[in-house]
Structures are given as structure tokens and as C-alpha cells.
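>>> One predicted model, sequence on top.
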Amino acid sequence: MRQKAFSAVLVLVFASACAKHAPEPVPHPNSPHISWSLGVGSGEEETCKSTTTSPCTIELRRDRPSTSATFHVFLHSVDNADIKYSGAVRVGFLMSPAREGAEHRVDQTVKAGSAPVNESTTGIVRPAGTYYVEITLSASPAGGSGQTLPIKTRVPVSVR
């Protein structure tokens, strides 16, 4: 019985250690902000993230019929207010049956002082080419009163 309890605790520790870590902008502003990362393959090997200057490149493997990828957007909190993020993340390098690229709608409130909230878009990578991730969000105090901050980011992604 003790061994089963120990095993369960060990699994939980490993599971929490594998949780996606949000890249943190430096210096950390005390205003609404986002960060992002791109993971490729079933193990989500990190290809690029917002806190580095390395280009985002996805290498297609010829020995596989398709390559999967996940684009993570992390919505960061501020210390003194709940923040409502709304808008869309359009991931151009992922296939979508309805249009070019996959779109993920965002409507999320992040509690003051909390850990970043992860909004992810996963799919099959499109054929070789240059694509863009378009992040178009607004951040405003959750209570409705206060200034709305537009957040726009365009990330080039090369698929080879």
C-alpha cells in the first residue's frame, strides 16, 4: 500500500514537472502582456519562443506523412487587477479545413497575481513555405472600467 501511494506521488511530481513553462518577458512589466512558444511533434520539442531572437523554423520530416505542431500563447497576470483578454490567434502554418491557417478565439480572464494562462492551437503543419502567426488581442480590467490595451504580434514561421 505504501509503495502504491509513493508511486502516485511520484507520478504527480513528474506530471507537474512536465507542465509547459511560459516564457517570461524581461523586464517583467506590471501591465497586461503575453508570451508565446512553438512546439513541434508529439513531444512538442520547443522550436522558438518570444524571449529569444532565434527564427521560428519547422523542419518537415520526409519519413513521416505529416508533422504536428502546437502554438502556445501565455496570457500573463498583473498584481493589482483581474485582466480580461479577448481576440484571436491566427496560426497560418497549421492546416484548417475551413480556411488558410487555423484560428483560435480567445476570451479569458486572468486573476490578479496568478500564473500565466495557456491558450494553445494544435494541428498538422502545412506544406513548405513562409507563414505568420497573427496575435490580435485586447486586454482590459475584468470589471469593465479602465483602459483597454491592444496587443498585436506577428510571428514569421518558416516551414522547410
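Good, I have the coordinates. Worth saying up front: this structure is predicted, and the values here are computed from it rather than measured.
>>> Determine the number of other residues adjacent to D63.
Neighbourhood size, D63 [other CB atoms under 10 Å]: 4. To be clear about C-beta, it is placed using only N, CA and C from the backbone, and glycine gets the same treatment.
>>> So which bits of stretch 56-64 are buried?
56, 58 (16 or more other CB atoms under 10 Å).
>>> Same check on stretch 43-52?
If you call a residue buried by 16+ other CB under 10 Å, then stretch 43-52 has these buried ones: 44, 47-50.
>>> What are the contacting residues of that stretch?
20, 23-26, 34-40, 54-58, 69-70, 153 (CB atoms under 8 Å, 6 or more residues apart in numbering).
>>> Any idea how far apart the tips of it sit?
Counting by CA to CA, to the nearest Å, you get 21 Å between the two ends of stretch 43-52.
>>> In its sheet, which strands sit next to the longest strand belonging to the chain, and in what direction?
Looking across the chain with DSSP state E, the single longest strand is strand 129-141. Here strand 129-141 is paired, per DSSP bridges, with strand 83-91 (antiparallel), strand 149-159 (antiparallel).
>>> now it: how far from the chain's centre is it?
Remark: strand 129-141 is offset 11 Å from the chain centroid, using CA atoms, centre = their mean, to the nearest Å.
>>> Can you tell me what sits against it?
Here strand 129-141 makes contact (CB under 8 Å, 6+ apart) with 32-34, 36, 71, 73, 81-93, 101, 106, 146-159.
>>> filter those residues to the buried ones?
32-34, 36, 71, 73, 81, 83-85, 87, 89-93, 101, 106, 151, 153, 155, 157, 159.
>>> residue ranges of the strands in this protein, please?
Taking DSSP E, the strands of the chain run over residues 34-40, 45-49, 56-58, 68-75, 83-91, 102-110, 117-124, 129-141, 149-159.
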